[in-house]
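Undergrad: here is a sequence together with a model predicted from it:
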Amino acid sequence: MNSNLRRIRPERVILLALALVVAVAWVATYRAGLRTLTVTFFDVGQGDSALVQAPGGRTLLIDGGGRGSGYSGSSDVGERVIVPGMLVRGVTRLDGIVVTHGDDDHVNGLDTVVDEVPVGMILDPLLPHSAAPYERLRALVQEHGIPVVRARVGQRFDFGRGIGAAVLHPGLVPVCGTAADLNNNSVVLRLVYGGVSVLFAGDLETEGERQLLARHLPVRSTVLKVPHHGGASEATPEFVRAVRPELAVISVGRDNPFGHPNPAVVERLRAVGARVLRTDIAGAVTVSTDSRTWQAAAYRPQ
C-alpha cells in the first residue's frame, strides 16, 4: 500500500485535497440553506414589496407596488422588479400574497405577479377602494380563482420548521374617522423564527399605531419594516420604543415629493440602537437568519 501511495503525483494529491475542501464547503452551504429564512425588501421606488422565503420552501409576498425610482423602460414595477427578483431567487410560485392595503404604491405591480406566478391565497383587509390598480388586481384574482381571506387580528400562519406569522392589525372593527383610514387599517404581520422576528408595519399612521399598541400584543422585533416609508406621522416615539428594532428598513423612492423618510423618524430609530437601511440609498435589502443570528445585505444593480 505504501508503494502505491508513493506513485500518486503531488499535483493529484493537491487536486484531491481541493476537491474535498469544495465538497465540504458545498455540504455546509447546502445544510445552512435548509435552515435559513430570508426576507428581501425589493427596491420598488416609492412603495413596498417584500418577499419571504422559508427554509421549507414556503413563500409569501407582502405588497407589490411602487412608483419611480430612477428606473427607465417599463413602468410596471411587477414586470421590471418583483417577478425578476423572485425568479432570480428561485421562486416560481407563492403560497400567499399579503395586500396590506389597496393604495397604488402597494399593489400596482401585483397584477403582473398574479398573471405570471401561481398564487395560493390572498390576505387583504378588503376595505373599499376605487383606485384602478386595486380594482384590476381584484378582477384578476377572481379570474384566476385565487382564494381571498379577510385580514383580521389573531390570524396565524405556519411556514413549517418552527416559523410562524401572526396578524396583529387591523382589529375586528376597522379604524374609522381618521385622516387616512386605509393606512391606519394596514395589515401588520409579525414573522417569528426562533429568537429572530420581523415586523411588517404597512402604512400605519399615528392612530393605527396607537390601536395596535393598545392590544398589548408582542410587537418587539429584531427587524422593522418602517411604517409608511418613514413619514412624519409614523413610527411615533411610543411605537419605536415598543418595537425597539435592531434593524429598520425604510422602503422609499429616490427624489420622492413627500420628504420621506422624515429625519426625525430616522434619528428616533437610531436612538434605540437600530441600524437604518433605506432602499433609495442601499437598494434591495435581504435579511437572512438561522433562528439565532441574523445578517443583512444590500444590493443595487449597476
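TA: Received it, and whenever you're ready, just let me know what you need. Residues are numbered from 1 along each chain as shown.
Undergrad: SS state for Val81?
TA: The three-state assignment at Val81 reads helix, by DSSP: H, G, I helix; E, B strand; the rest coil.
Undergrad: which helix or strand contains Val287?
TA: Element membership for Val287 (DSSP states H and E) is strand 284-289.
Undergrad: pull the number of nearby residues for Glu267.
TA: Counted with other CB atoms under 10 Å, the neighbours of Glu267 add up to 10. Any C-beta I mention is one placed from the backbone N, CA and C, and that applies to glycine too.
Undergrad: any stretches of the stretch 201-302 of the chain with poor pLDDT?
TA: Within the stretch 201-302 of the chain, the segments meeting pLDDT under 70 span 302.
Undergrad: which parts of it are strands?
TA: 223-225, 247-250, 275-278, 284-289, 294-299 (DSSP state E, counting those that start in this stretch).
Undergrad: most neighbours per residue, which of the ones you listed?
TA: Of all the strands of the stretch 201-302 of the chain, strand 223-225 has the most neighbours on average by mean count of other CB atoms under 10 Å, namely a mean of 27.
Undergrad: pairing partners for that one, with directions?
TA: Using DSSP bridges, strand 223-225 pairs in its sheet with strand 196-200 (parallel), strand 247-250 (parallel).
Undergrad: could you export these to JSON lines, including columns for distance to Lys225?
TA: Compiled in JSON lines, the strands paired with strand 223-225 are given as follows (distance: least, CB to CB, whole Å):
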{"stretch": "strand 196-200", "distance to Lys225": "5"}
{"stretch": "strand 247-250", "distance to Lys225": "5"}
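Undergrad: pull up the distance across stretch 248-256, start to finish.
TA: With CA to CA, to the nearest Å applied, stretch 248-256 spans 19 Å between its terminal residues.
Undergrad: and stretch 195-206, by the same measure?
TA: 28 Å.
Undergrad: could I get the pLDDT score of Val24?
TA: If you check Val24, the pLDDT there is 48.
Undergrad: and what of Arg156?
TA: Per-residue confidence (pLDDT) for Arg156: 96.
Undergrad: what's the answer for the one 3 residues further on, then?
TA: Phe159 is assigned 96 on the pLDDT scale.
Undergrad: list the contacts of the closest residue to Phe258 other than its chain neighbours.
TA: Counting by CB to CB, 6 or more residues apart in numbering, Gly231 is the residue found nearest to Phe258 once chain neighbours are left out, at 6.7 Å. Gly231 makes contact with 205, 258, 260-262, 265, according to CB atoms under 8 Å, 6 or more residues apart in numbering.
Undergrad: of the residues you listed, buried ones?
TA: 205, 260-262, 265 (16 or more other CB atoms under 10 Å).
Undergrad: show me these that map onto helices.
TA: Residues from these lying in helices, with DSSP state H as the criterion: Val265.
Undergrad: how about the buried ones among the contacts of Gly231 in CSV, adding distance to Leu127?
TA: Formatted as CSV, the buried ones among the contacts of Gly231 follow (distance: CB to CB, whole Å):
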residue, distance to Leu127
Glu205, 15
His260, 23
Pro261, 25
Asn262, 26
Val265, 25
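Undergrad: of all pairs in the buried ones among the contacts of Gly231, which one is the farthest apart?
TA: The distance between the two most remote of the buried ones among the contacts of Gly231 (CB to CB) is 14.1 Å, for Glu205 and Pro261.
Undergrad: and the pLDDT for the most centrally placed residue in the chain?
TA: In the chain, the C-alpha nearest the mean C-alpha coordinate belongs to Ala50, at 2.7 Å (CA atoms, centre = their mean). In this model, Ala50 is scored at 98, pLDDT.
Undergrad: contacting residues around it?
TA: Counted by CB under 8 Å, 6+ apart, Ala50 has contacts 39-42, 61-63, 200, 225, 251.
Undergrad: isn't Val119 up against Leu94?
TA: Yes - the criterion here is CB atoms under 8 Å, and Val119 meets it with Leu94 at 4.8 Å.
Undergrad: pull the number of nearby residues for the residue nearest to Asp280 when sequence neighbours are not counted.
TA: Spatial nearest neighbour of Asp280, excluding adjacent residues (CB to CB, 6+ apart): Arg254 at 4.4 Å. Residues lying near Arg254 (other CB under 10 Å) number 15.
Undergrad: again with Ser233
TA: 18.
Undergrad: quick one: contacts for it?
TA: 205-206.
Undergrad: do you know how far it is from Pro227?
TA: According to CB to CB, to the nearest Å, Ser233 stands 9 Å off from Pro227.
Undergrad: got it, and Ser130?
TA: For Ser130, the distance to Pro227 - CB to CB - is 24 Å.
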